[in-house]
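Undergrad: what's the 3D shape of this:
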Amino acid sequence: QVDLVESGGGLVQAGGSLRLSCAATGRTFSIYAMGWFRQAPGKEREFVATTSWSGPTTYYVDSVKGRFTISRDNAANTLYLQMNRLKPEDTAVYYCAAQKNILRGVSRAEMMYEYWGQGTQVTVSS
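TA: Now for the predicted structure:
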């Protein structure tokens, strides 16, 4: 079992920045990749970014490339998402997720992530 707790959400004006954190506890040695997903009101949850837990692989959804940066601190078992130049359309609940299954590599598919945090609200005002 891996437990994930997000923090760092809040209200920010368009053009501003926020840094999300996700602390992992439990069987963290089993983690292969960790990622961020988000769900806006009335929409399905979507992939934002992901990173391998011990390698260089990272992926981003096109809409955040150049604005968001995913990173990790393995010693602290913590995942980060630095969000710059935020837009109102970035408003959503952001979820941290952990992938154990290595068969298909680092995944952008929600179904490949076995563990999820409870989410943190990010609201960007125009």
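Undergrad: Spell out the residue ranges of the strands in the chain.
TA: Using DSSP state E, the strands of the chain run over 2-7, 10-13, 18-26, 33-39, 46-52, 58-60, 68-73, 78-83, 92-99, 115-116, 120-125.
Undergrad: And these: which comes nearest Arg108?
TA: strand 46-52 (4.6 Å; C-beta to C-beta). The C-beta positions use only the backbone N, C-alpha and C, and glycine is treated the same way.
Undergrad: Next, the contact list for the most centrally placed residue in the chain, please.
TA: Ranked by distance to the mean C-alpha position of the chain (C-alpha atoms, centre = their mean), the top residue is Trp36 at 1.8 Å. When contacts are counted by C-beta atoms under 8 Å, 6 or more residues apart in numbering, Trp36 touches 20, 22, 48-50, 70, 79, 81, 94-97.
Undergrad: any idea which of the residues you listed is the one closest to Arg104?
TA: Among the contacts of Trp36, Thr50 lies closest to Arg104 (C-beta to C-beta), at 12.3 Å.
Undergrad: what's near enough to touch that closest one?
TA: 33-36, 58-59, 70, 99, 106-108.
Undergrad: What of Tyr95?
TA: By C-beta under 8 Å, 6+ apart, Tyr95 lies in contact with 6, 36-39, 45, 116-119.
Undergrad: Across the sheet, point out what pairs with it.
TA: Phe37 (DSSP bridges).
Undergrad: For it, report the pLDDT, please.
TA: With respect to pLDDT, Tyr95 scores 98.
Undergrad: what does Glu89 give?
TA: Glu89 is given a pLDDT of 97.
Undergrad: got it, and Ala40?
TA: pLDDT, read off for Ala40, is 97.
Undergrad: for the one 4 residues further on, same thing?
TA: Among the per-residue scores, Glu44 shows a pLDDT of 97.
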